[in-house]
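1. Predicted model, plus sequence, below.
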Amino acid sequence: MVDKILADCERNGVTVNLVNASYIKENGVDCNGFFDEDELELRVACKRAFQIWIAVLAHESCHMDQYFEECACWLENYNQNDAGILLDLWLDNSIELTPEQLNKYVRTVQWYELDCEKRAMAKLRKFKVPIDMGICIQQANSYLFFYTMLAVKRKWYRKNRAPYEKKAIWERMPKRFLPLDAYAQMHSEYIALYDKYAF
Ligand SMILES: [Zn+2]
């Protein structure tokens, strides 16, 4: 799978940086990796357990695939001037959003992240990467539900509290993907888990 992703990057003119570090700083925030559409760069922190960095590589490479395909969710995000960035600005109190805008942007991010996660799982499965797919999907679901909590709390999760790295959160998540609308429904058990372990 790694060879295929490296070949895809080369074909697309994307620079790959597999970094010998546990985290990458992006705009002052620690993250596990990213695909940068403007710089055409795929960067992943690889000084982590194999199951972690390989899943991050699969995920970020699928954001690259979405970009080059200009798939429906990517176009929707593009037409909204990047819902993820608008949410970041709102979290920073740099802009205000109406409840309708907030709802729309959260749905858009959940849509392209869900699409990306499904693509990533298909890629990991296709190349028979030795990784527990049930756990991967639970971790992905914990991230997808997080966006609904973010809109309620107006807060990102605390440092080192990523829901997909907090077993107490992800182990309570379903082992299959849900329809997009289901991620907007937070039952009380989930709210309590995010309150306790993420915020
Ligand atoms: Zn993503």
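-> Thanks, I have it.

2. what packs against the longest helix anywhere in the chain?
-> For the chain, the longest helix by residue count, based on DSSP state H, is helix 99-126. Under the contact definition 3 or more C-beta pairs under 8 Å, 6 or more residues apart in numbering; DSSP states H and E, helix 99-126 sits against helix 50-69, helix 72-79, helix 83-91, helix 133-153. Placement of C-beta: from N, CA and C, glycine included.

3. looking at those, which is closest to Asp30?
-> Shortest distance between Asp30 and the helices and strands packed on helix 99-126, using C-beta to C-beta, is found for helix 50-69: 12.7 Å.

4. which other residues reach the closest one?
-> By C-beta atoms under 8 Å, 6 or more residues apart in numbering, the residues outside helix 50-69 that reach it are 1-2, 5, 8-9, 12, 14, 18, 32-35, 37, 42-48, 73-74, 112, 115-117, 119-121, 123-124, 129, 131-132, 135-136, 139.

5. Buried residues of the longest helix of the chain, list them for me.
-> When burial is assessed from 16 or more other C-beta atoms under 10 Å, helix 99-126 yields the following buried residues: 101-102, 105-117, 119-121, 123-124.

6. any chance of the helices and strands packed on helix 99-126 in a markdown table, plus distance to Tyr183?
-> Below are the helices and strands packed on helix 99-126 laid out as a markdown table (distance: least, C-beta to C-beta, whole Å):
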| stretch | distance to Tyr183 |
| --- | --- |
| helix 50-69 | 17 |
| helix 72-79 | 14 |
| helix 83-91 | 14 |
| helix 133-153 | 5 |
